[in-house]
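K.L.:
from the sequence below, what's the structure:
(chains A and B)
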Amino acid sequence: MSAWMEAKKEVLKALKTALGKQYAPSVDELETPPEPRFGDFAFPCFALAKGWKKSPVEIAVELVGHIEIKGLIRKVEPRGPYINFFLDTARFGKIVVEQIEQEKTAYGHSVSGADKSVLVEYAQPNTHKEIHVGHLRNFFVGYTTTKLLETVGYRVIPVTYTNDLGMHVAKCLWAMKKFHVKEVDPSKEERSAFLGKVYTEATQASETDPNAKEEISAVFQALESGKRGPFLSLWKKTRKWSIEEIKGVFKELGLIFQAWYYESDFIESSHLLIEDLKHRQVARLSEGATIVDLSEEKLGVNLLVRSDGTLLYNAKDLPLAMRKEEEFHPQRSLYVVDVRQSLAMQQLFATLKRMGFQKELTHLSYDFVTLKEGAMSSRKGNIVRYQDFRDSMVEWAHTETQKRHTDWKQTKMEKVARAVAFSAMRFGMLRQDLSKPIVFDMEEALSFDGFSGPYLLYTYARIQSILRKVERRSLEKRNMSSWKTEQEHQLFVTLASYPHVVFQTAQDFHLDRLAQYLFELCKQFSVFYHEVPVLQAETAEQMADRATLVAVTGQTIKNGLSILGIQTIEEM
RNA sequence: GCGCCUGUAGCUCAACGGAUAGAGUGCUGGUCUUCGGAACCAGUGAUGGGGGUUCGAUUCCCUCCAGGCGCACCA
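P.N.:
Numbering: from 1, shown residues only, chains lettered A, B, ... in the order given. A predicted model of the protein is given here:
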C-alpha cells in the first residue's frame, strides 16, 4: 500500500470510530483542502447534514470531539462544514521515504492494467510533406500516453502509420513531373524542404489549372495500380527521401514503435475487403463512389472509394485495423489523432462494428496547433518546420547555457543545450489540456522561465548539486525523525500523492495534470530550498534527514519527467 | 443549416459540483556577502450575457452572444 493510501486509511478509520454505525464514509470522500494550512485531508459533512437534521458546521464540531489523535494523525480540527486532518510530519515522512527508496524508478507504478494489452497508434506523418510543430503535439501526446499506460501496468504496443500513398503524393508527383522533371535532385539536407515546396506548388497549381484534376487522378490511378505504373521509380525515390527524414526525427525524439505500417501496403487488401463489404451489403455504390451509409448512427456516409476507383484514407484504415488485430490481438486500441478527424474516426469505428469487429476502440483526440496568424497548412505552405523550430530552440538554449558556464567544453555545452531545448519543446506541448488549441508562438516557446521544461530540469539539477555536496557518510546518520518544518511537510504530502496523480492521468488522459503536478512539486521544492538549509542544518542527523528528502524529491521528479519523455541532466 | 469543441487576470493556462477561483507571464516593489538568480517573496489584476437545477455552479441543463473545427470524392 502506498504511503498516501496508508494515511488516508488511517484517517478513515478514525472517522469511522467517531461515527460509529451511523455512517460509513468511503476513501473517495476524503478531499484535499484548498490550502495547506487547513490540513492534509478534509472530510466534508454535507452528506451527513440531511439525515442528522443539523448543519454540517455543527456536525463537524461535534465529530471532532470523538476523533482520536494517534499514529499518523497529529491534529484534527473543524473548519466550517469540514473536518480537517493534519498528518504528523516525521511519521508520515518516514513512510513516504521508505516507499520511494524501495521503489525507486518504479515509484508511481501500479498494476491496474495488469494482463491487459493496449495498442496505441500515433505519429502518422505523411511522406512528401514536411514535419512541422503541429506534428509535435501528436508525437508527444502519443509518447506520453504509451508511457503512462505502461506505468499503470498495461502491455503497450506503440505503432506508427505512414501515409505514403494518398492524394498528396499524387499531387506532389504530378507537379514534379510537370515542373521539375529536368532538375537535378536536391541534396540530402534539402530534400524534405524541396518536397514541401513542390506540394505547396502542386496545391496552388491544381486550383488554377483546369486540367489538373483529371491529370492528378490519372497519376493517382497509376500509383494505385499493381506496379505504380510509370511513377514507380519517382515514387520510390521521393518516398525514400521522406521516410529517411521521418526516421531521423523519430530517432532524435526517442519515439520507438513495435510496428511501422505504410498505407501503400493496404491497397490490395482494401479493394478485396471492400468487394466483400459490397457483397455483404455493408457498403454500396453511390454517385459512382463506394460508401458505407451510416445515417442510422447519425454519422453521415463513410466514403471509401472515389468514383475514379482510387481509395480514400478511411478505406485503408479498415484492413489496417485487421492487421493490428492479427499481429497483436490487443484488448484495447487507441488512435491518437487530432480533433478534426473526429467524425472520420467515428465513421471508421462504426464501419468496423458493422463488419463484426468487436474490440474496444478509442479515439484520443487533441486540438491542433495553430499560429497567431491562423491555421498552419502544408497546402498554403505557412508551416513552422520541425527542424527550424528545433534549431532555434537548441541555439537559444546554447546561448543561455554559455552565459552561465563559460568554462564548459563544447560537447558538454551541446548536450545540455539539447536537453534544455527538448524539455521546453515537450513540456510546452504537454502542459495544456488536450481539448484546447495551442497557439504556437516562437517567442513564448523560447521562454525558459516559470511553467516550463527548463524550470523542472533546473530544480532537478539543483537537487543533484546538493546531493553531490552532502557526504555519503552523513546520510548514514539519519534517523528520519527530525522533519518538522512546514516546507518539509508539504513536500512529503505532495510526493505521496504522485502515484495517485499518475493513476488518475492514465484513466482520463488529461496529460496536463501530470505536467501541473511536477511543476507544483518543483515549486514546493524551491520554497524548501530557500527556507530550509540542508548543508547548514543544525545537526548531522538533521542534515541527513533533509538530504534524504531532497533525494526522494529528485527521484520523483525524474520519474514524472520520464513519463513526459524528458531526460533529466545533472547540471545546467 | 446540422454536429462537436472553446470563451476565466493585459497575455498564456489551472480549478473530482464545494472552503477566500489558482499558476505562469507582464508590470511595481523587495530577498540573497547564493546548499546554483533559468531562483524566491509581496503587490497588481478575471469566471462572455441571461435564465434554471442544487444547501452550494467556473463546473450540470436551457438560451443568447463570440470564436474554432467538421459535415461525399483532402487527410
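
K.L.:
in the stretch 351-500 of chain A, what residue is nearest RNA strand B?
P.N.:
Nearest to RNA strand B, among the residues of the stretch 351-500 of chain A, is residue A:450, at 2.0 Å (C-beta to the nearest atom of the strand). In this view, the C-beta of every residue, glycine as well, is placed from N, C-alpha and C.

K.L.:
now do the buried residues in the helix or strand harbouring residue A:397.
P.N.:
With secondary structure defined by DSSP states H and E, residue A:397 is part of helix A:386-404. In terms of neighbour count (16 or more other C-beta atoms under 10 Å), helix A:386-404 has its buried residues at A:386-387, A:389-390, A:393-394, A:396-398, A:400-401.

K.L.:
can you find the helix or strand in chain A with the smallest mean pLDDT?
P.N.:
Within chain A, no helix or strand scores below helix A:472-475, which has a mean of 76 by mean pLDDT, DSSP states H and E.

K.L.:
does RNA strand B sit close to it?
P.N.:
No: on the criterion C-beta under 7 Å from any atom of the strand, helix A:472-475 is out of touch with RNA strand B, staying 11.7 Å away.

K.L.:
quick check, distance from the next helix or strand after that helix to the centre of its chain.
P.N.:
Using DSSP H and E, the next helix or strand after helix A:472-475 towards the C-terminus is helix A:486-508. Put simply, helix A:486-508 sits 18 Å off its chain's centre (C-alpha atoms, centre = their mean, to the nearest Å).

K.L.:
who are the packing partners of helix A:486-508?
P.N.:
In terms of contacts (3 or more C-beta pairs under 8 Å, 6 or more residues apart in numbering; DSSP states H and E), helix A:486-508 is packed against helix A:3-19, strand A:82-87, helix A:89-103, helix A:133-151, helix A:511-531, helix A:540-563.

K.L.:
low-confidence stretches in the stretch 201-350 of chain A?
P.N.:
Within the stretch 201-350 of chain A, the set of residues satisfying pLDDT under 70 is empty.

K.L.:
sorry, back to before: could the helices and strands packed on helix A:486-508 go into JSON lines alongside mean pLDDT and mean neighbour count?
P.N.:
Formatted as JSON lines, the helices and strands packed on helix A:486-508 follow (pLDDT from 0 to 100; neighbours: other C-beta atoms under 10 Å):
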{"stretch": "helix A:3-19", "mean pLDDT": "93", "mean neighbour count": "19"}
{"stretch": "strand A:82-87", "mean pLDDT": "95", "mean neighbour count": "24"}
{"stretch": "helix A:89-103", "mean pLDDT": "97", "mean neighbour count": "20"}
{"stretch": "helix A:133-151", "mean pLDDT": "97", "mean neighbour count": "23"}
{"stretch": "helix A:511-531", "mean pLDDT": "96", "mean neighbour count": "19"}
{"stretch": "helix A:540-563", "mean pLDDT": "96", "mean neighbour count": "22"}
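
K.L.:
of those, which is nearest residue A:269?
P.N.:
helix A:133-151 (24.7 Å; C-beta to C-beta).

K.L.:
may I have the closest one as PDB, with CA atoms only?
P.N.:
The C-alpha coordinates for helix A:133-151 follow below in PDB (Å, rounded to 0.1, in the frame of the first residue of the first chain):
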ATOM      1  CA  VAL A 133       5.400  21.900 -35.000                       C
ATOM      2  CA  GLY A 134       1.800  20.600 -35.400                       C
ATOM      3  CA  HIS A 135       3.100  17.100 -35.600                       C
ATOM      4  CA  LEU A 136       5.000  17.500 -32.300                       C
ATOM      5  CA  ARG A 137       1.800  17.700 -30.300                       C
ATOM      6  CA  ASN A 138       0.800  14.300 -31.700                       C
ATOM      7  CA  PHE A 139       4.200  12.800 -31.200                       C
ATOM      8  CA  PHE A 140       4.500  13.900 -27.500                       C
ATOM      9  CA  VAL A 141       0.900  13.200 -26.600                       C
ATOM     10  CA  GLY A 142       1.200   9.700 -28.100                       C
ATOM     11  CA  TYR A 143       4.500   9.000 -26.500                       C
ATOM     12  CA  THR A 144       3.400  10.100 -23.100                       C
ATOM     13  CA  THR A 145       0.200   8.100 -23.400                       C
ATOM     14  CA  THR A 146       2.200   5.000 -24.000                       C
ATOM     15  CA  LYS A 147       4.500   5.700 -21.100                       C
ATOM     16  CA  LEU A 148       1.500   6.400 -18.800                       C
ATOM     17  CA  LEU A 149      -0.300   3.200 -19.800                       C
ATOM     18  CA  GLU A 150       2.900   1.200 -19.200                       C
ATOM     19  CA  THR A 151       3.300   2.900 -15.800                       C
END
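
K.L.:
hang on, the earlier thing: tell me what angle the helix holding residue A:397 forms with helix A:133-151.
P.N.:
Between helix A:386-404 and helix A:133-151, the angle comes out at 80 degrees (axes from the mean of the first three to the mean of the last three C-alpha atoms, to 10 degrees).

K.L.:
next helix or strand past helix A:386-404?
P.N.:
Scanning forward in sequence from helix A:386-404 by DSSP H and E, the next helix or strand is helix A:410-430.

K.L.:
what's next to the helix or strand just after that next one, contact-wise?
P.N.:
Counting by DSSP H and E, the element after helix A:410-430 in chain order, helix or strand, is strand A:438-440. Identification of contacts with strand A:438-440 by C-beta atoms under 8 Å, 6 or more residues apart in numbering yields A:133, A:137, A:367-372, A:376, A:384, A:428-429, A:432.

K.L.:
residue A:219: neighbour count?
P.N.:
Residue A:219: 27 surrounding residues under other C-beta atoms under 10 Å.

K.L.:
relative to residue A:171, how far out is it?
P.N.:
Distance, residue A:219 to residue A:171, by C-beta to C-beta, to the nearest Å: 8 Å.

K.L.:
one more: residue A:283?
P.N.:
According to C-beta to C-beta, residue A:283 and residue A:171 sit 26 Å apart.

K.L.:
so what's the nearest residue to residue A:150 once chain neighbours are set aside up against?
P.N.:
Excluding its sequence neighbours, the residue lying closest to residue A:150 (C-beta to C-beta, 6 or more residues apart in numbering) is residue A:156, at 5.0 Å. Listed by C-beta under 8 Å, 6+ apart, the contact partners of residue A:156 are A:117-120, A:146, A:149-150.

K.L.:
how about the helices in the stretch 201-350 of chain A?
P.N.:
Assigned by DSSP state H, counting those that start in this stretch, the stretch 201-350 of chain A shows helices spanning A:212-224, A:232-253, A:267-279, A:313-328, A:342-354.

K.L.:
which of the ones you listed sits closest to residue A:56?
P.N.:
Residue A:56 lies closest, by C-beta to C-beta, to one member of the helices of the stretch 201-350 of chain A: helix A:342-354, at 42.5 Å.
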